[in-house]
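Enquirer: From the sequence below, what's the structure:
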Amino acid sequence: MYVSVRNIQLKGLESASSQLEESNLMAAITRPLAKNEIAVRAIYLQDKSVAERSQWVQDVFPDTAEYKYKEDDTSILSHYRENFETVVVHGDDARRMARILKVNRAITRSKVNIAVMAKSMPPDRAILLNGGFDDVFDMRMDTVEATARVRSIMRRRRIIFDNATFGADDTVLDRIGSYVTAKLSPRELELFTKLVKNSGRAVSGSDLRRSASKTNPDMNENSIQVFICRLRKKLRPGVEIRSNYDGGYTLSIET
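Expert: Take a look at the predicted model:
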């Protein structure tokens, strides 16, 4: 059977190109976080393994400033020092770490929250995840895996706002990010922004249609129902869109 030299060369080039793409992807996944890649605020509990945990945190989040947690220090999570999008809490007391998140919920609910423990057990991880942390890292975890996990979490969070262009300010967008679990389409984001801005108050179907019709004049009652149904599937536990008897909707947030 005749096989041209050109075909062999093309197949060789395709194979080499595929291997290069795979190599580049692996390098991108496993490379350490750059200094300014993610803005992090690290908080630690003073206990026997704090030095080891602090070193591990620095290996994953280079040049991250760390602050000792004090119960009466309300400024530790403020933005006056520097802006940040990720909160890292490390300690050996899972319940206390979960309380830190709960007490500072007004700030932490709009952030990516990561817990770090020296040696976590399943009950510890359950407490932290149920307390609102996005992930729990164990110092026995390889830093390459930890870095990949961080990038994955940040990618999911940021992609939610790919099309956030409906006049929502940063505070509203932060709230939206803390309420949903998946990317919102432009139309879903438009409607959900209206509900979030009126959280706890009824929004009539006609108000939602008027809001959406600015960019989609064909929006009708049935369309609103379809988008509300889709939105409900993307909400975190404790966040609910309730249907009202008059055809409107209310966003309810469990506190």
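
Enquirer: Now do residue 219, the pLDDT please.
Expert: Residue 219 is assigned 72 on the pLDDT scale.

Enquirer: For it, the count of nearby residues, please.
Expert: Other residues near residue 219 number 20, with proximity taken as other Cβ atoms under 10 Å. Just so you know, the C-beta spots here come from the backbone N, C-alpha and C atoms, and that holds for glycine as well.

Enquirer: hang on, it packs against residue 210?
Expert: No. Taking Cβ atoms under 8 Å as the definition, residue 219 is not a contact partner of residue 210, at 9.0 Å.

Enquirer: the helices in the stretch 51-200 of the chain, which residues?
Expert: 94-103, 105-108, 122-130, 143-159, 170-179, 186-197 (DSSP state H, counting those that start in this stretch).

Enquirer: what is the mean pLDDT for the last one?
Expert: Okay, so that is helix 186-197. 87.

Enquirer: For stretch 96-103, list every residue counted as buried.
Expert: 97-98, 100-101 (16 or more other Cβ atoms under 10 Å).

Enquirer: same thing with stretch 204-211?
Expert: So stretch 204-211, judged by 16+ other Cβ under 10 Å, has buried residues 205, 208-209, 211.

Enquirer: got the contact list for it?
Expert: Applying Cβ atoms under 8 Å, 6 or more residues apart in numbering, the external contacts of stretch 204-211 come out as 190-191, 194-195, 219-221, 224, 246-249.

Enquirer: Whichever of those residues end up buried, select them in PyMOL.
Expert: Under the burial definition 16+ other Cβ under 10 Å, those of these that qualify are selected in PyMOL by:
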select buried, resi 190+191+194+195+219+224+248+249
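
Enquirer: quick one: which of the contacts of stretch 204-211 is nearest residue 84?
Expert: residue 195 (27.4 Å; Cβ to Cβ).

Enquirer: Which residue, other than its chain neighbours, is closest to that closest one?
Expert: residue 251 (4.2 Å; Cβ to Cβ, 6 or more residues apart in numbering).

Enquirer: part of a strand, is that neighbour?
Expert: Yes. Checked against DSSP: H, G, I helix; E, B strand; the rest coil, residue 251 lies within a strand.

Enquirer: got the contact list for it?
Expert: 195-196, 198-200, 203, 239-242.

Enquirer: now swap in residue 249 and tell me
Expert: Per Cβ under 8 Å, 6+ apart, neighbours of residue 249: 195, 202-203, 205, 208, 228, 241-243.

Enquirer: Just among the contacts of residue 251, which is most surrounded?
Expert: Neighbour max across those (other Cβ under 10 Å) = residue 195, 22 neighbours.

Enquirer: doesn't residue 203 make contact with it?
Expert: Yes. Taking contacts as Cβ under 8 Å, residue 195 lies within contact range of residue 203: 5.9 Å.

Enquirer: if I look at those two, which residues touch both of them?
Expert: With Cβ under 8 Å, 6+ apart as the test, residue 195 and residue 203 both reach 249-251.

Enquirer: Now those residues in TSV, please, with extra columns for distance to residue 136 and pLDDT.
Expert: Below are the shared contacts of residue 195 and residue 203 laid out as TSV (distance: Cβ to Cβ, whole Å; pLDDT from 0 to 100):
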residue	distance to residue 136	pLDDT
249	35	94
250	34	94
251	29	94
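
Enquirer: and which of these is nearest residue 66?
Expert: residue 251 (36.3 Å).

Enquirer: Okay, and the beta partners of the closest one?
Expert: Beta bridges link residue 251 to residue 241, judged by DSSP bridges.

Enquirer: And it, how far from residue 194?
Expert: 9 Å (Cβ to Cβ, to the nearest Å).

Enquirer: do residue 221 as well
Expert: In terms of Cβ to Cβ, residue 221 sits 15 Å off from residue 194.

Enquirer: repeat for residue 75
Expert: 34 Å.

Enquirer: circling back: buried deepest among the helices of the stretch 51-200 of the chain, which one?
Expert: helix 186-197 (a mean of 20; mean count of other Cβ atoms under 10 Å).
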